[in-house]
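K.L.:
I'd like to go over a predicted model; first the sequence, then the structure.
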Amino acid sequence: MSSMEKTDLGEMTAAQLSDLFASGRASPVEAAKASLARIERFNPSVNAFAYVVPELALAAARESEARWQRGEPLSPIDGAPTTIKELTPVKGIPWRRGSALGAKEPSQTEYLIMERLRAAGVTVLGTTTSPEFGWKGVTHGPAFGNTLNPWRTDRASGGSSGGAAVAAALNMGVLHEGSDGAGSIRIPASFSGTFGIKPSYGWIPSDTPTPLFELAHRGPLTRTVEDAALFMNATTGPTARAMYGYCPTPVPDWRASIRGASVKGLKIGYSRNLGYAEVQPDVASAIERAAGRLADMGAIIEEVDPGFSNPQDALLVLWYAAEARTVELAKPTEEQKGLMDPGLIRIYEKGCAYTARDYVAAEQVRADLKVTMARFHERYDALMLPTMPVTAIEAGVDFPGGKQGKDWSDWSPFTYPFNMTGQPAVSVPCGFDAGGLPIGLQFVGPRFRDDIVLMLAAAYQNAYPEEVLSSPRLA
């Protein structure tokens, strides 16, 4: 449906709003008010927001409105209603990081990604929920409670960018910043029926210290691939402030890369389970159907596994050591530890026990994995596989079915390998299970070829758009 056919600004995409702002048929103030109204209506059912800042949002929207009226917008997303994950500081909003230990006073500083979004003129509506310090793939914790799946509110939203994904699913804003250290954009995108991209590491530079180093990527969650490309246009690019990785030049025009998106002639390696994971039958069927659709669209589909064994143990060394350092830097007292997520305290203790030799061995696994995937992409333009082997698990638990596993990543085996390699990976909706819960299709591309995965996702979404929510579905 085009923006001309819609009357509710709250239902529109960033691209549609941009067209309306340019023509004068709608204003950023009206769009901000529409998004704030949706937050007021929907958020009590799903708990996607840590903070909502109507006064700050409307002040920014009025400034954007004046720029559009002068014909001087800062970018195509000037005035786009936007949310920021609670792990990213935003001036004027307390930076809690999902933790009872977080700051209670409004932040006075921002990271480079916020500076770039500000320079693009976006309207920040507020911050979205995350588990404590983003430590797990679901979004519940001591600071903000439980973020629920809008498709069925007794199910998890996924995480750690759960609030961002839920906000995207319900269009409580049109652009939603997230971060992904082991699947934290793609897990909630799959569970919540939205699009998410973990860009190649380096496109969006990290200008602040992080114990996760090159595991942690920032990127958008949106309803459409086009909106994600607009977000990336505003936030990608080199800087002397980058602490890890590097950003190539020139930086592509991501929106242009999906214009007239086609999969014809692309050679795609299709892996059902990476050779080592179990997949829910409904999910397997949906991915199989997607493979057939892509073949009908002209892609060359070959069933193949990339050829690596499960790197989870190495991931856990890197992850737990990083979380141990994160907790250490927070300097909690024993009393304060009692206020923290018990699961985070457990991995903090495990992370403290690793040796330098353990860490070096894990880094070697990561290096070998990068080479394996680079060789895979000498033969294939992209890898296609499920984003998640399951649909949304029960809300409020770290492990489904009431069983304690080795780690929450047990049930997300298809996401973290590509954090370890730094490759671009996307999740695009491709159907629903028998209970009406969304299923995500994942495309993984060569490093710095984000244009390939964006093009694949855009072509698939254009050909097979999935249902979007008009309101939360209460369990």
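P.N.:
Received it, and whenever you're ready, just let me know what you need.
K.L.:
only C-alpha atoms from now on, for both contacts and neighbour counts.
P.N.:
Noted.
K.L.:
verify the stated contact: Ser192 with Thr147.
P.N.:
No. If you go by C-alpha atoms under 8 Å, Ser192 and Thr147 don't touch, sitting 11.2 Å apart.
K.L.:
hey, what's in contact with both of those two?
P.N.:
Listed as contacting both Ser192 and Thr147 by C-alpha atoms under 8 Å, 6 or more residues apart in numbering are Ser157.
K.L.:
and for the nearest residue to Phe21 once chain neighbours are set aside, the neighbour number?
P.N.:
On the basis of C-alpha to C-alpha, 6 or more residues apart in numbering, the spatially nearest residue to Phe21 that is not a chain neighbour turns out to be Ser27, at 5.5 Å. Residues lying near Ser27 (other C-alpha atoms under 10 Å) number 23.
K.L.:
next one: Ser27 from Thr123, what distance?
P.N.:
12 Å (C-alpha to C-alpha, to the nearest Å).
K.L.:
what of Phe42?
P.N.:
Remark: distance between Phe42 and Thr123 (C-alpha to C-alpha) = 19 Å.
K.L.:
neighbour count winner among those two?
P.N.:
Using other C-alpha under 10 Å as the criterion, Phe42 and Thr123 rank with Thr123 on top: 30 against 20.
K.L.:
so in terms of bridging, what pairs with the more buried one?
P.N.:
Note on Thr123: beta-bridge partners by DSSP bridges are Pro81.
K.L.:
next, the contact list for it, please.
P.N.:
Listed by C-alpha under 8 Å, 6+ apart, the contact set of Thr123 reads Ala32, Ala57, Leu58, Ala60, Ala61, Ser64, Asp78, Gly79, Ala80, Pro81, Thr82.
K.L.:
assign the fifth one to helix, strand or coil.
P.N.:
Going back to what we said before, that points to Ala61. When classified by DSSP: H, G, I helix; E, B strand; the rest coil, Ala61 comes out as helix.
K.L.:
ranges for the helices of the stretch 351-475 of the chain?
P.N.:
Ranges of helices within the stretch 351-475 of the chain are 356-379, 417-421, 450-463, based on DSSP state H, counting those that start in this stretch.
K.L.:
any idea which of the ones you listed gets closest to Leu274?
P.N.:
helix 417-421 (10.2 Å; C-alpha to C-alpha).
K.L.:
need the residues that contact that closest one.
P.N.:
Under the contact criterion C-alpha under 8 Å, 6+ apart, helix 417-421 has outside partners 180-183, 214-217, 311-312, 315, 366-367, 369-370, 373, 424-425, 444.
K.L.:
mind giving me the PyMOL command for buried ones among the residues you listed?
P.N.:
Of those, the buried ones go into a single PyMOL selection, burial set by 16 or more other C-alpha atoms under 10 Å:
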select buried, resi 180+181+182+183+214+215+216+217+311+312+315+366+369+370+373+424+425+444
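K.L.:
now do the spatially most distant residue from the centre of the chain against Phe231, distance only.
P.N.:
Distance to the chain centre peaks in the chain at Arg70, reaching 34.2 Å (criterion: C-alpha atoms, centre = their mean). As judged by C-alpha to C-alpha, Arg70 and Phe231 stand 23 Å apart.
K.L.:
go ahead and list the helix or strand containing Ala189.
P.N.:
Using DSSP states H and E, the element containing Ala189 is helix 186-192.
K.L.:
next one: the following helix or strand past that helix to chain centre, how far?
P.N.:
In the C-terminal direction, the helix or strand that comes right after helix 186-192 (DSSP H and E) is strand 195-198. Taking C-alpha atoms, centre = their mean, to the nearest Å, one finds strand 195-198 lying 5 Å from the centre of the chain it belongs to.
K.L.:
cool, and stretch 224-244?
P.N.:
13 Å.
K.L.:
what does stretch 330-346 give?
P.N.:
From the chain centre to the centre of stretch 330-346 is a distance of 26 Å (C-alpha atoms, centre = their mean).
K.L.:
having no further points to raise, I will conclude here.
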